[in-house]
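*Asks:* Build the 3D model from these lines:
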Amino acid sequence: MTFINTGLMERAGAPAPSSVSSPVEDLLAATRLLAGLPREVLAELAGDAVRRRHAGGDTLFYEGDEARHCLLVAQGAVEVLRYDAAGDERMLHRFEPGQLVAEAAMFMPHGLYPMTARAQGDTEVWRIPRRAVRGTCERHPALALRLLESLSLRLYQRVNQVDWLTSSNAPQRLAAYLVAQAGRQGPDIELPTSQRHLAAHLGIRAETLNRMLAEWQGKGWICGERRRWQLLDIAPLRALAAPAARAF
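*Replies:* All right, here's what the predicted structure looks like:
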């Protein structure tokens, strides 16, 4: 059964007058995926949205639950994960403010969530009902095309990721990950997940990850501990990551 944080919810209500927009509409309009869409489209999508606040570690939905809504992250972060046969969890992705979570599940024939979602720290989300997503797409093809483009891009990224995991070695994968994080955060980076989860994400053993971090720290390429690291010399990391780079 899905965990519901009762008592901490707020409904967006009917679409606001054209001169006034609701908080969820403003957040939708600011997302990269939906930027530029007509306000009436966003108002229709947001009309029945419900705001929920969750503490860190709260489960927002479980793998196999009926996919009744997708999530728009307003504050904090949401991590999606799966469990293997041994019960160990593997984090698949981390969603931050302005990003939609599980919008693809709104269109899956089986109507179930394919993964578990959990709040990472104090988090606020808007729950957008499945019927609102599908109905707005049917009435406004521009929204359907935006979602199709987003899902196509993610599929392309996953294909590249599978190819990367099978054709690269552990140092190349870790270097590519750190270089990518530096591109988003600058030389001082904070890993979005634990080292154990990062190792699983990169397809390497946790002890191998720890050994490489220690080795690179000894060479003066990086310094730090746990989740906070500074890239002191990014050139050798870029050289290691080069085989993973793609033209598009």
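
*Asks:* can you pull out the helices in this protein?
*Replies:* 23-30, 39-46, 130-139, 141-167, 170-185, 195-202, 206-218, 234-241 (DSSP state H).

*Asks:* Could you dump those into a markdown table with distance to residue 88 and mean pLDDT added?
*Replies:* The way it works is simple: take the backbone N, C-alpha and C, and place the C-beta from them, glycine included. A markdown table is the format used below for the helices of the chain (distance: least, C-beta to C-beta, whole Å; pLDDT from 0 to 100):
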| stretch | distance to residue 88 | mean pLDDT |
| --- | --- | --- |
| helix 23-30 | 34 | 92 |
| helix 39-46 | 37 | 94 |
| helix 130-139 | 30 | 96 |
| helix 141-167 | 18 | 87 |
| helix 170-185 | 19 | 90 |
| helix 195-202 | 8 | 83 |
| helix 206-218 | 11 | 92 |
| helix 234-241 | 27 | 91 |
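
*Asks:* Kindly compare burial across those helices and name the winner.
*Replies:* helix 39-46 (a mean of 20; mean count of other C-beta atoms under 10 Å).

*Asks:* Nearest residue to the middle of this protein?
*Replies:* residue 95 (2.9 Å; C-alpha atoms, centre = their mean).

*Asks:* Check what pLDDT residue 54 gets.
*Replies:* According to the prediction, residue 54 has pLDDT 97.

*Asks:* Show me what it is bridged to.
*Replies:* Under the criterion DSSP bridges, residue 54 forms beta bridges with residue 123.

*Asks:* I'd say it and residue 123 touch.
*Replies:* Yes: contact criterion C-beta atoms under 8 Å: residue 54 and residue 123 qualify, at 4.9 Å.

*Asks:* Which neighbours do those two have in common?
*Replies:* Taking C-beta atoms under 8 Å, 6 or more residues apart in numbering as the contact rule, residue 54 and residue 123 both touch residue 76.

*Asks:* And the two? Which one has more around it.
*Replies:* Neighbours were counted for residue 54 and for residue 123 using other C-beta atoms under 10 Å; residue 123 has more, 26 against 23.

*Asks:* mind checking pLDDT for that one?
*Replies:* 97.

*Asks:* In terms of residue numbering, what are the domains of this protein?
*Replies:* Per the record, the chain has its domains at 9-161, 168-244, by automatic domain parsing.

*Asks:* what residues are up against residue 31?
*Replies:* 72, 98-100.

*Asks:* Hmm, the residue nearest to the centre of the chain is touching residue 76, no?
*Replies:* No: in terms of C-beta under 8 Å, residue 95 does not count as a neighbour of residue 76; the distance is 9.7 Å.

*Asks:* Now for these two: what residues contact both?
*Replies:* Common contact partners of residue 95 and residue 76 (C-beta under 8 Å, 6+ apart): none.

*Asks:* Could you find the closest non-adjacent residue to residue 209?
*Replies:* Leaving aside its sequence neighbours, residue 209 sits nearest to residue 199 (C-beta to C-beta, 6 or more residues apart in numbering; 4.3 Å).

*Asks:* Residue 208 now?
*Replies:* Closest residue to residue 208 apart from its sequence neighbours, by C-beta to C-beta, 6+ apart: residue 170 at 5.5 Å.
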